[in-house]
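Trainee: this is a predicted model, with the sequence first.
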Amino acid sequence: MAKAPKKSLVGTVVAITGGARGIGRATAAALISQGAQVAIGDIDAALVESTAVELGAGTVGLPLDVTERSSFAAFLAEVERRLGPLDVLVNNAGIMPIGPFVDESDATADRLIDINLRGVILGSKLALDRFLPRGRGHLVNIASTAGKSGFPGGATYCATKHAVVGLSETIRGEVRHAGIDVSIVMPIVVKTELGSGLPDARGFKPVEPEDVAAAIVEALQSGRVDVYVPRRIGPVLRSQPLLPRTVVDRIAHFFRGDQVLANPDHAARAAYEQRMAETIGAADREPAESVASRS
């Protein structure tokens with residue numbers, strides 16, 4: 001059977017969260033090369049503005065706090081004001097502070113859930129508010145292979161990514177007959193600041209952010225739902241629910257998957273860990289009425 005022709009992305013209006021660095025930036029660059037009109041949002045207002053200038057091609061860079069509905073709504077409204085009706089939202093913003101679960105502070109867990117899950121929920125709702133009346137649109141949610149398996153050292157992170165997978169699958173079930181596509185992107189460790197200092201799994205070297213970006217472009221062109229990066233990790237993860245628990249444990253140990261988040265090089269990861277400490281600390285110091293307003 002002949003493959004369906006790839007969809008052109010020329011003129012497609014795309015908004016990307018967490019777009020100032022890493023996967024978000026690489027995805028913006030890849031989409032620009034395909035002729036898309038791109039807007040990036042990020043909590044770091046100065047960096048997102050400078051990144052947009054560096055990307056060129058009319059890229060829009062806007063401040064965005066994905067945990068605040070008002071901020072997310074204003075971001076998408078401004079994207080549409082400048083570029084036209086939204087065609088694609090890439091929910092990419094996320095954080096990954098890691099360590100033993102029993103040592104994790106409540107503030108860290110709250111921040112992980114707020115950004116990695118609540119941000120995706122908010123963005124998905126706000127995007128669908130635009131997509132459904134038009135009968136078209138594509139929602140791309142960045143999860144992780146950690147959304148398909150549990151990795152010691154990243155309990156709450158894994159929980160948020162499992163939730164993103166489940167959320168995305170359910171959204172797809174509700175909207176796939178309404179002209180809306182949903183893609184779930186599940187990379188292994190990526191060579192970004194977030195993935196710094198993590199040991200390699202056996203047989204699976206960390207991928208480049210450009211590899212994830214290329215997979216997102218392909219998903220937008222083809223409508224692919226489950227997007228594994230690299231693609232060959234997919235069969236490994238899909239087979240796990242069919243195997244006895246003892247076999248799954250042995251596979252994880254053989255591939256050293258049980259060490260990837262449990263034994264990081266903290267020196268190599270110092271810059272990211274410092275930024276996470278500041279992010280979590282700032283959120284923890286917010287006035288009670290500000291926190292309550294987000295509930």
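Mentor: Done, it's in.

Trainee: tell me where the stretch 1-150 of the chain has helices.
Mentor: In the stretch 1-150 of the chain, the helices defined using DSSP state H, counting those that start in this stretch lie at 22-33, 45-55, 69-83, 106-112, 119-134.

Trainee: in a markdown table, list those along with distance to residue 194 and mean neighbour count.
Mentor: All C-beta atoms are positioned from the backbone trio N, CA, C, and that covers glycine. Formatted as a markdown table, these follow (distance: least, CB to CB, whole Å; neighbours: other CB atoms under 10 Å):
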| stretch | distance to residue 194 | mean neighbour count |
| --- | --- | --- |
| helix 22-33 | 6 | 23 |
| helix 45-55 | 15 | 17 |
| helix 69-83 | 21 | 17 |
| helix 106-112 | 12 | 18 |
| helix 119-134 | 15 | 19 |
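
Trainee: may I have stretch 48-55 as CSV, with CA atoms only?
Mentor: Extracted C-alpha coordinates of stretch 48-55, given in CSV (Å, rounded to 0.1, in the frame of the first residue of the first chain):
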residue,chain,number,x,y,z
VAL,A,48,12.6,33.8,24.7
GLU,A,49,12.8,37.3,23.0
SER,A,50,16.5,36.9,22.1
THR,A,51,15.9,33.3,20.9
ALA,A,52,13.1,34.5,18.6
VAL,A,53,15.4,37.1,17.1
GLU,A,54,18.1,34.5,16.6
LEU,A,55,15.7,32.1,14.9
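
Trainee: now for residue 195: which residues touch it?
Mentor: By CB atoms under 8 Å, 6 or more residues apart in numbering, residue 195 lies in contact with 96, 189, 206.

Trainee: returning to what we had before: for residue 274, find the nearest of the helices of the stretch 1-150 of the chain.
Mentor: Ranking the helices of the stretch 1-150 of the chain by proximity to residue 274 (CB to CB) places helix 106-112 first, at 14.0 Å.

Trainee: who touches the closest one?
Mentor: 95, 97, 156-157, 160, 279-281, 283-284.

Trainee: could I get the pLDDT score of the residue nearest to residue 227 when sequence neighbours are not counted?
Mentor: In space, and not counting its chain neighbours, residue 227 is closest to residue 185: 4.5 Å by CB to CB, 6 or more residues apart in numbering. You'll see residue 185 listed with a pLDDT of 98.

Trainee: so residue 185 touches residue 214, yeah?
Mentor: No. Under the criterion of CB atoms under 8 Å, residue 185 makes no contact with residue 214, lying 11.2 Å away.

Trainee: more neighbours: which of these two?
Mentor: In terms of neighbours (other CB atoms under 10 Å), residue 185 is the more surrounded of residue 185 and residue 214; the figures are 27 against 16.

Trainee: isn't residue 135 up against residue 181?
Mentor: No. If you go by CB under 8 Å, residue 135 and residue 181 don't touch, sitting 11.8 Å apart.

Trainee: between these two, which one's more packed in?
Mentor: Between residue 135 and residue 181, counted using other CB under 10 Å, residue 181 has the larger neighbour count: 21 against 9.
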